[in-house]
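Student: show me the folded form of this:
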Amino acid sequence: MLREFATSLVDLIFDWGYIGIFLLMSIESSFIPFPSEIVLIPAGYLAHKGEMSIGMIMLSGVGGSMAGAYINYYLALMLGRKILRKYGRYFFINENAIDKMDNYFAKHGHISTFIGRLVPGIRQLISIPAGLSRMNLVLFSTYTALGASIWAFILVMLGYFIGENQELIDAYLKQITIFILAALVLLAICYAYFQKRKG
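Tutor: Presented below is the predicted three-dimensional model:
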């Protein structure tokens, strides 16, 4: 039912063109769960039909993803610590845990942000610990944009080359997601190995 509502919303917003894509991707990238594939895959199909530009879709999609990520980042930056200090004990989070998170993100925030942006279910949330730990904004922006661009490009290309074949899209999307997750695990292992050698 949620997916049907989201699809109807996409149809409505697509009447707004690139601004609609920007708004939908802002929602998807913030704390509101919204599947990016129902935005960018149809947009890619419209590009295939010559009704939209791939470049403008990418610009709108990544721009919207960045806007949503900044919402989470700044909300966590401004309010997160106050909330954690007041209610964190109910979730077994104390000052020591917050300090550990700060130290972790100071050292590994870039790789965590990049990997998080490509993992389903986490991509919307990774901006929150980054904001809580006051991660460097330039690094946060760079790795968020990189991860968001890769994911957006995959979805747009699926729509462009496969079009309206929903069964084929679902099959390819599942395979691509598994491949990405395997690649990210390998990346994390390599990163941990080189960090250990460095340390």
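Student: list the residues that contact residue 27.
Tutor: Contact partners of residue 27, counting by Cβ atoms under 8 Å, 6 or more residues apart in numbering, are 34, 64, 68. Just so you know, the C-beta spots here come from the backbone N, C-alpha and C atoms, and that holds for glycine as well.
Student: in space, what's closest to the first one - neighbours in sequence excluded?
Tutor: Taking Cβ to Cβ, 6 or more residues apart in numbering as the measure, residue 34 lies nearest to residue 28, with 4.2 Å between them; neighbours along the chain are not counted.
Student: just the second one next, same as before
Tutor: In space, not counting the residues next to it along the chain, residue 64 is nearest to residue 25; the distance is 2.9 Å by Cβ to Cβ, 6+ apart.
Student: that neighbour and residue 38 touch, don't they?
Tutor: No: here residue 25 does not reach residue 38: they are 11.2 Å apart, not a contact under Cβ atoms under 8 Å.
Student: who's more crowded, the two?
Tutor: residue 25 (26 against 18; other Cβ atoms under 10 Å).
Student: and that one, helix, strand or coil?
Tutor: Per DSSP: H, G, I helix; E, B strand; the rest coil, the local secondary structure of residue 25 is helix.
Student: could you find the closest non-adjacent residue to residue 74?
Tutor: Ranked by Cβ to Cβ, 6+ apart and with sequence neighbours excluded, the top spatial neighbour of residue 74 is residue 131, at 6.4 Å.
Student: same question, residue 154
Tutor: Nearest in space to residue 154, with sequence neighbours left out and distances taken as Cβ to Cβ, 6+ apart, is residue 176 at 6.0 Å.
Student: now do the helices in this structure.
Tutor: 2-14, 18-29, 37-48, 54-75, 81-87, 95-117, 127-132, 137-162, 166-198 (DSSP state H).
Student: need the ones you listed in TSV (columns: mean pLDDT).
Tutor: What follows is the helices of the chain, written out as TSV (pLDDT from 0 to 100):
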stretch	mean pLDDT
helix 2-14	58
helix 18-29	90
helix 37-48	86
helix 54-75	94
helix 81-87	66
helix 95-117	79
helix 127-132	87
helix 137-162	92
helix 166-198	82
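Student: residues near residue 129, how many?
Tutor: When neighbours are defined as other Cβ under 10 Å, residue 129 has 21 of them.
Student: would you agree the residue nearest to residue 74 is in contact with residue 69?
Tutor: No: using Cβ under 8 Å as the test, residue 131 is too far from residue 69 to be in contact (9.4 Å).
Student: picking up where we left off before, against residue 183, how distant is the residue nearest to residue 154?
Tutor: Using Cβ to Cβ, to the nearest Å, residue 176 is found at 10 Å from residue 183.
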